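# here are the coordinates; sequence isn't available:
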């Protein structure tokens, strides 16, 4: 039976202060999907609200020359148009090989504080299952506690979309907080690539905690999930 990976997408679709749509970021799901699907891994999707998880239209435009993203959008829409509520997966970590969170700005507004998501991550961690996230995705780990009460990221090397990258994206003033600042605040040892937007992936806990910095890191996160699963 093929291993299953649970992918959690944001339900947040519009940033009022920017007067702009948002959501999850196309290549950050498309690139890992290609890696996982090639290994025969089944992908199941969830979101806080269930139903359609909003795809950031800006990511569609920026990656319109990227074959992986174009093909994924054209052929896999059922994955994000028919998500199940995160709550429906609680207590079922034994059925999945890993948990993965793509980024996009959406998670900064909903998944960071979503009680079901926080409980789901804690459950996977407690079960010894790999948890992974890329770009703004790692913000979902900020409020998660381990069984001993310590923060999941406390003392762990982690990465995600940097303050410099947020500034270059002209989105700093529209964020509720900055991801890099928040991860440092909760005790993470924040690491990043030498240059903004370069690929950078960190693996901790023997493959059980995987973070990627930005869209360019998404494929590498997928590859580390495959290694962690052992397929």
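Thanks, I have the structure now. As the structure is a prediction and not an experimental result, all values here were calculated from the model. Residues are numbered from 1 along each chain as shown.

# Can you pull the phi/psi pair for residue 8?
Torsion angles at residue 8 (phi, psi; degrees, to the nearest 10) stand at phi -110, psi 130.

# Hmm, it is touching residue 114, no?
No - here residue 8 lies out of contact with residue 114, judged by Cβ atoms under 8 Å, at a distance of 9.0 Å. C-beta here means a position set from N, CA and C on the backbone, and glycine is covered the same way.

# Contact partners for the residue nearest the centre of the chain?
In the chain, the centroid-proximal residue (Cα atoms, centre = their mean) is residue 101; its distance is 2.4 Å. Contact analysis of residue 101 by Cβ atoms under 8 Å, 6 or more residues apart in numbering lists 7-8, 107, 111, 132-134, 137-138, 140.

# sorry, back to before: who has more neighbours out of residue 8 and residue 114?
Using other Cβ atoms under 10 Å as the criterion, residue 8 and residue 114 rank with residue 8 on top: 29 against 24.

# Could you give the bridge partners of the more buried one?
With DSSP bridges applied, residue 8 shows beta-bridge pairing to residue 46.

# ok, it - contacts?
For residue 8, the contact set (Cβ under 8 Å, 6+ apart) comprises 45-47, 86, 99-101, 111, 117, 120, 140.

# at 10 Å instead, please
Residues near residue 8 by Cβ atoms under 10 Å, 6 or more residues apart in numbering: 24, 44-48, 53, 83, 86, 89, 99-102, 107, 111, 114, 116-117, 120-121, 133, 137, 140.

# try residue 137
8-10, 24-25, 28-29, 100-104, 106-108, 111, 160-161, 179, 211-212, 218, 221.

# And the pLDDT at residue 231?
pLDDT recorded at residue 231 is 87.

# burial count for it?
For residue 231, the count of nearby residues is 13 (other Cβ under 10 Å).

# distance of it from residue 95?
Using Cβ to Cβ, to the nearest Å, we find residue 231 at a distance of 16 Å from residue 95.

# can you check residue 38 too?
Distance from residue 38 to residue 95, counting by Cβ to Cβ: 22 Å.

# measure residue 193 to residue 158 for me?
For residue 193, the distance to residue 158 (Cβ to Cβ) stands at 14 Å.

# Run through the helices of the protein in chain order.
26-38, 57-62, 67-75, 78-81, 115-126, 163-168, 179-185, 218-229 (DSSP state H).

# for the ones you listed, which one sits closest to residue 197?
Minimum separation from residue 197 across the helices of the chain (Cβ to Cβ) falls at helix 163-168, 6.3 Å.

# Flag every buried residue along the closest one.
When burial is assessed from 16 or more other Cβ atoms under 10 Å, helix 163-168 yields the following buried residues: 163, 165-166.

# tell me which of the residues you listed is nearest to residue 152?
Distances from residue 152 to the buried residues of helix 163-168, taken by Cβ to Cβ, are shortest for residue 163, at 21.2 Å.

# No further questions, thank you.
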